[in-house]
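**Q** sequence first, predicted model second:
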Amino acid sequence: MNTLLSLTDNLQTFWHYTGFANAEAGHFIMILFGLVFIYLAITKEYEPLLLIPIGFGILVGNIPFNEAANLQVGIYEEGSVLNILYQGVVKGWYPPLIFLGIGAMTDFSALIANPKLILIGAAAQFGIFGAYIIALQMGFAPNEAGAIGIIGGADGPTAIFTTSKLAPHLLGAVAISAYSYMALVPVIQPPFMRLLTTKKERLIKMKIPRVVSQTEKVLFPIMGLLLTAFLVPSGLPLLGMLFFGNLLKESGVTRRLAETARGPLIDTITILLGFTVGASTQATTFLRMESIKVFAIGALSFVIATCTGILFVKIFNLILPKEKKINPLIGNAGVSAVPDAARISQTLGLEYDPSNYLLMHAMGPNVAGVIGSAVAAGILLGFLY
């Protein structure tokens, strides 16, 4: 009899440790979100390098367990393996390393050849400050509004870096929102690109960019760092690593370092960042009204950024001579979703004129958007941190 009672007690104890006993409805909702991310990544190929790590991380982060048992398995349990890996997000280690890799794989030739395209990248950053104003109106504190606003830059690492400094409690919601909308850029942007442009504007053909010399390519990251970092020193971790990675690429004498930065290093950090960001969405901390508000403002910020980039080109064209007019379809590329936003410009351009190749032109504002989002983050950190 005692043996039977002991066995029953052991089974009850075991049951209390299982995920089934500790599951709440929120866990299953988040698991469904994770499965949707994985589905979109595999079937639609929406940013699979991001959505698969994030989606699977959501599954891992929402396996229920008995928190009172101190099992040291949850991402928010100090000393657990997941918590240690998550420190790269919380302390802001991962984003600068991502920027190092981005710099090492980015060709700034289109921007160097046509410097005025940087204005499109700057105009698109209005999505950040527009979202900041909206977040303030919705009751968020200034530091929270700054973290939410950065979603409009369409730059996941920058959003994580800024939020980790300004509003760590919103990190999961901001990160998931930023990466979700980055993946959905091919869905979000085209309707507004068609709505805001005329058929005549879509057919504008731009001159082939001039050939950029190797000297210009080497000088660009050096001058870019000095100009931007002196303007916003608070953006130095991102800007410094971005331009450092680009110098590794363009110097011609550090090929091995550049290949490491844009290959194994960025791949490793992307895996760790995506997985831990996904795992940080535990239902008990993530499913709150403020998370829903963050997602709503994030969507608006992407729309604002896309529209302001396109409208800026249309206004700019009013003062440009006919032979130098810019096709407004590249206005969407001012966000820093590289190279997806530029590819959308190319796709829509070919849709209306199969001989109109806009990719090389769209890459100018696209890479300018990378710099612009880091500068905007530096500005927000400068007066909110």
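**A** Noted; the coordinates are in hand. Residues are numbered from 1 along each chain as shown.
**Q** gap between the residue nearest in space to the middle of the chain and residue 254?
**A** For the chain, residue 156 is the residue whose C-alpha lies nearest the centre (Cα atoms, centre = their mean; 2.1 Å). Using Cβ to Cβ, to the nearest Å, residue 156 is found at 26 Å from residue 254. Placement of C-beta: from N, CA and C, glycine included.
**Q** now residue 96
**A** 18 Å.
**Q** can you check residue 204 too?
**A** For residue 204, the distance to residue 254 - Cβ to Cβ - is 39 Å.
**Q** so the two - more neighbours on which side?
**A** Higher neighbour count among residue 204 and residue 254: residue 204, with 20 against 15, using other Cβ atoms under 10 Å.
**Q** neighbours of the closest residue to that one other than its chain neighbours, how many?
**A** Closest residue to residue 204 apart from its sequence neighbours, by Cβ to Cβ, 6 or more residues apart in numbering: residue 327 at 4.2 Å. Neighbourhood size, residue 327 [other Cβ under 10 Å]: 24.
**Q** tell me the contacts of residue 327?
**A** Counting by Cβ atoms under 8 Å, 6 or more residues apart in numbering, residue 327 makes contact with 201-202, 204-206, 313, 345, 349, 356, 358, 361.
**Q** ok, residue 368 touching residue 117?
**A** Yes. Residue 368 is in contact with residue 117 according to Cβ atoms under 8 Å; the separation is 6.1 Å.
**Q** joint contacts of these two?
**A** Contact with both residue 368 and residue 117 is made by residues residue 111, according to Cβ under 8 Å, 6+ apart.
**Q** and stretch 230-244, end to end?
**A** Across stretch 230-244, the terminal residues are separated by 16 Å (Cα to Cα, to the nearest Å).
**Q** mean confidence score for it?
**A** Stretch 230-244 shows a mean pLDDT of 95.
**Q** how distant is it from the center of its chain?
**A** Centroid displacement of stretch 230-244 relative to its chain, using Cα atoms, centre = their mean, to the nearest Å, is 17 Å.
**Q** do stretch 198-208 as well
**A** Per Cα atoms, centre = their mean, the centroid offset for stretch 198-208 relative to its chain is 29 Å.
**Q** what comes up buried for that stretch?
**A** Within stretch 198-208, the residues scored as buried using 16 or more other Cβ atoms under 10 Å are 201-202, 204, 206.
**Q** kindly present those as CSV, with separate columns for distance to residue 247 and pLDDT.
**A** Listed next are the buried residues of stretch 198-208 as CSV, based on distance: Cβ to Cβ, whole Å; pLDDT from 0 to 100:
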residue, distance to residue 247, pLDDT
201, 37, 95
202, 37, 95
204, 34, 95
206, 29, 93
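**Q** so which of these are in helices?
**A** Among those, DSSP state H puts 201-202 in helices.
**Q** between the buried residues of stretch 198-208, which sits nearest residue 193?
**A** Residue 193 lies nearest to residue 202 out of these, by Cβ to Cβ, at 8.6 Å.
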